[in-house]
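J.: sequence and computational prediction follow.
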Amino acid sequence: MDLADLRVGIEPPPGGLALREVRRNLRSKLLCDLTFLKSCRDNKVIPTNFRLKHPDGPPSTVNILAKCSHALIRKTIHNIRRNLDTTNSSLFHHFGILSLANIHPIIWDTYLRISIEKADHISAKKTDTQKKKLFFLLQHKIPPKQTTNTPVLIHHLSDTPIDQTTRELLSKVLNFCITPHKLPTETIITQVESAISHLPPTEAEETRQDIASTLRRAKLPPSNISRSERICLRNLHNNTDIIVLPADKGDATVILNTSDYVEKISSLL
């Protein structure tokens, strides 16, 4: 008996089985790529094809390119997830079409078995290759440089006495970022809306939903200064008799009388 004789009812659409097999294989590859890139993202390693390089670039340039490479990985993960959703929808659509074709059960079962086995084989082969890549990347991962915090010199030139807690606070350098009391939700939303204004409506809405979900789950990190240091910071902010500035040269902090500072600036103008 010929296979054509086993078909009953409506004929399947031309290329329907082949197209579904292509979609299934594509889905297996996308799942493998997604798993690999998520592992690279979580372990902070950059695959070779994502590395942005600059010949003889200074360390600052290297750091910028590394951040861009990580951003590219995150963007690719987002694109793969979107392609997976499209592929899954297409598979479901083709399954509905083929179910109406009344293909003989023997042919249908045989097709499903072969296509699943082929997709599993592709997935296993690709997973094995990517595991070796990830192992190689982790073996050759460059450890982060250990930075030593050198003490900051404080030149106290004002008439207002300062205590040891204030000195310890100022020794954290003036660009030290203090954890806020509350999340700057309004600022984040405003900046996100400005950034996505040029995106298509669908992508812009997806970004809004992602940001909203992240903000709902977000929690403030623990404070990185003590309560006494926070009180000292408030006192420094409210004290109009002194002004705290970075030194023109060297890593130092200068405390001046506000009147002396204004007089010096006026003489220079």
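T.: Noted; the coordinates are in hand.

J.: residue contacts, the most centrally placed residue in the chain?
T.: Residue closest to the mean C-alpha point of the chain, counted by Cα atoms, centre = their mean, is residue 74 at 5.3 Å. Contact analysis of residue 74 by Cβ atoms under 8 Å, 6 or more residues apart in numbering lists residue 41. From N, CA and C alone the C-beta is placed, and that goes for glycine too.

J.: quick check: next helix or strand after the host helix or strand of it?
T.: Assigned by DSSP states H and E, residue 74 belongs to helix 59-99. For helix 59-99, the following helix or strand on the C-terminal side (DSSP H and E) is helix 105-139.

J.: between that following helix and helix 59-99, how big is the angle?
T.: Orientation of helix 105-139 against helix 59-99 (axes from the mean of the first three to the mean of the last three Cα atoms, to 10 degrees) gives an angle of 170 degrees.

J.: buried sites along whichever helix or strand comes after helix 105-139?
T.: Per DSSP H and E, the first helix or strand lying C-terminal to helix 105-139 is strand 153-156. Buried residues in strand 153-156, counted by 16 or more other Cβ atoms under 10 Å: 154, 156.

J.: rewinding a little: quick check: the residue nearest to the centre of the chain vs residue 37, distance?
T.: Residue 74 is 9 Å from residue 37, where distance means Cβ to Cβ, to the nearest Å.

J.: also residue 267?
T.: In terms of Cβ to Cβ, residue 267 sits 60 Å off from residue 37.

J.: between those two, who's got more neighbours?
T.: Under the criterion of other Cβ atoms under 10 Å, the comparison of residue 267 against residue 37 puts residue 37 first, with 18 against 7.

J.: pretty sure that one belongs to a helix, no?
T.: Yes - assessed with DSSP: H, G, I helix; E, B strand; the rest coil, residue 37 lies in a helix.

J.: residues in contact with the spatially closest residue to it that is not a sequence neighbour?
T.: Distances taken as Cβ to Cβ, 6 or more residues apart in numbering place residue 77 nearest to residue 37, at 5.1 Å, with adjacent residues excluded. Listed by Cβ under 8 Å, 6+ apart, the contact set of residue 77 reads 34, 37-38, 41.

J.: try residue 45
T.: 134, 137-138, 141.

J.: pLDDT below threshold where in the protein?
T.: Within the chain, the ranges that satisfy pLDDT under 70 run 1-17, 54-58, 99-101, 142-152, 173-174.

J.: can you list the domains in it?
T.: Per the record, the chain has its domains at 3-139, 148-182+226-269, 184-217, by automatic domain parsing.

J.: which two among the contacts of residue 77 are spaced furthest apart?
T.: Using Cβ to Cβ, the two most remote members of these are 34 and 41, lying 10.5 Å apart.

J.: take the contacts of residue 45 and write them to a markdown table, including neighbour count.
T.: Formatted as a markdown table, the contacts of residue 45 follow (neighbours: other Cβ atoms under 10 Å):
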| residue | neighbour count |
| --- | --- |
| 134 | 17 |
| 137 | 16 |
| 138 | 13 |
| 141 | 12 |
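
J.: ok, of those, which one's closest to residue 244?
T.: The closest of those, once distances to residue 244 are taken by Cβ to Cβ, is residue 141, at 40.5 Å.

J.: for that closest one, give its distance to residue 65.
T.: Going from residue 141 to residue 65 by Cβ to Cβ gives 16 Å.

J.: cool, and residue 182?
T.: For residue 182 relative to residue 65 (Cβ to Cβ), the value is 34 Å.

J.: and for residue 224?
T.: Using Cβ to Cβ, we find residue 224 at a distance of 29 Å from residue 65.

J.: again, but for residue 89
T.: From residue 89 to residue 65 the distance is 36 Å (Cβ to Cβ).

J.: who has more neighbours, these two?
T.: Neighbour totals were compared for residue 89 and residue 65, and residue 65 leads with 16 against 11 (other Cβ under 10 Å).

J.: nearest spatial neighbour of the more buried one, skipping sequence neighbours?
T.: Closest to residue 65 by Cβ to Cβ, 6+ apart is residue 52, at 4.3 Å.

J.: tell me the spacing between the one you found and residue 82.
T.: Note on residue 52: its distance to residue 82, by Cβ to Cβ, is 23 Å.
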